[in-house]
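In: Pasting the sequence and the predicted coordinates here, then a few questions.
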Amino acid sequence: MDAALVAFVVVFVAELGDKTQLVALGLASRYPLAVVLTGIGIAYALTQGLAALAGGALGAALPTTALGIGAAVIFLGFAAWTLREVLAADDDDEVGEELSAVDRRAMGRGAAGTVAAIVGVMVLAEIGDKSMLATATIAAERGAFGAWIGATLGIFASGCLAVFLGRYLGTRLPERTMGFISAGLFALFGVLLLAETTLT
């Protein structure tokens, strides 16, 4: 259960202000709520499942101390990556491309076709993203199944937050602020994990 809780928190944080969260927000303004939530839920379960499997296999092959130090370094790297993204980029063009891809794929296909289009685009957008790498890292250190459950729920909760805020409040998440919070929390997780690994 420890893996599920850690994965939930870390992946939820990783997605705050992330491109796929913004894509989910945009989808909610274009398609029925049930269709969007079904599509992003399936996509997130698939991507986080792949990450957990890869991380679980890696965890079985590496010594615990090396794994803990490696995970701490990865989280500190995520902090730097997130901070660089916040300071450097405007994701509006990329988000627009993802939404257009869903529109093209879903055109005239009904609810099932729209769900399939959302799944396809969200899986492609998520491959290699911070949340997948975080899930793999947690799975390697704490176990694949719990990491998959926690990560899937964490990323889905983040997507739902974007969907409901965008749909019902008519506001956008403050991306820059969320990015800074996410970077800070990643740095904190990295430092705590490093301390836990080296002091035990």
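Out: Arrived safely.
In: When you work out contacts or count neighbours from here on, use the C-alpha atoms and nothing else.
Out: OK.
In: What is the helix or strand F8 falls within packed up against?
Out: For F8, the host element (DSSP states H and E) is helix 2-15. Helix 2-15 sits against helix 130-142, helix 144-164, helix 175-199, with contacts defined as 3 or more CA pairs under 8 Å, 6 or more residues apart in numbering; DSSP states H and E.
In: And the ones you listed: which comes nearest G113?
Out: helix 144-164 (19.8 Å; CA to CA).
In: Could you list every helix and strand that that closest one packs against?
Out: Applying 3+ CA pairs under 8 Å, 6+ apart, one finds that helix 144-164 makes contact with helix 2-15, helix 19-28, helix 33-61, helix 130-142.
In: the inter-axis angle of the last one versus helix 144-164?
Out: Okay, so that is helix 130-142. If you take axes from the mean of the first three to the mean of the last three CA atoms, to 10 degrees, helix 130-142 sits at 150 degrees to helix 144-164.
In: elements contacting helix 130-142?
Out: For helix 130-142, the packing partners by 3+ CA pairs under 8 Å, 6+ apart come out as helix 2-15, helix 33-61, helix 64-88, helix 144-164.
In: out of these, which comes closest to A187?
Out: helix 64-88 (5.0 Å).
In: Dump the helices and strands packed on helix 2-15 into a markdown table; add mean neighbour count as well.
Out: Output for the helices and strands packed on helix 2-15, formatted as a markdown table (neighbours: other CA atoms under 10 Å):
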| stretch | mean neighbour count |
| --- | --- |
| helix 130-142 | 27 |
| helix 144-164 | 25 |
| helix 175-199 | 18 |
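In: of all the ones you listed, which lies closest to G26?
Out: helix 144-164 (7.8 Å).
In: pLDDT (mean, whole number) over that closest one?
Out: Across helix 144-164, pLDDT averages out at 90.
In: what about V119, how many neighbours?
Out: Here the number of neighbours of V119 (other CA atoms under 10 Å) works out to 22.
In: OK, contacts around it?
Out: Each residue near V119 by CA atoms under 8 Å, 6 or more residues apart in numbering is listed here: G39, I40, I42, A43.
In: Can you lay out these as a markdown table showing pLDDT, neighbour count and distance to L194?
Out: What follows is the contacts of V119, written out as a markdown table (pLDDT from 0 to 100; neighbours: other CA atoms under 10 Å; distance: CA to CA, whole Å):
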| residue | pLDDT | neighbour count | distance to L194 |
| --- | --- | --- | --- |
| G39 | 92 | 24 | 37 |
| I40 | 92 | 28 | 33 |
| I42 | 95 | 19 | 33 |
| A43 | 93 | 25 | 32 |
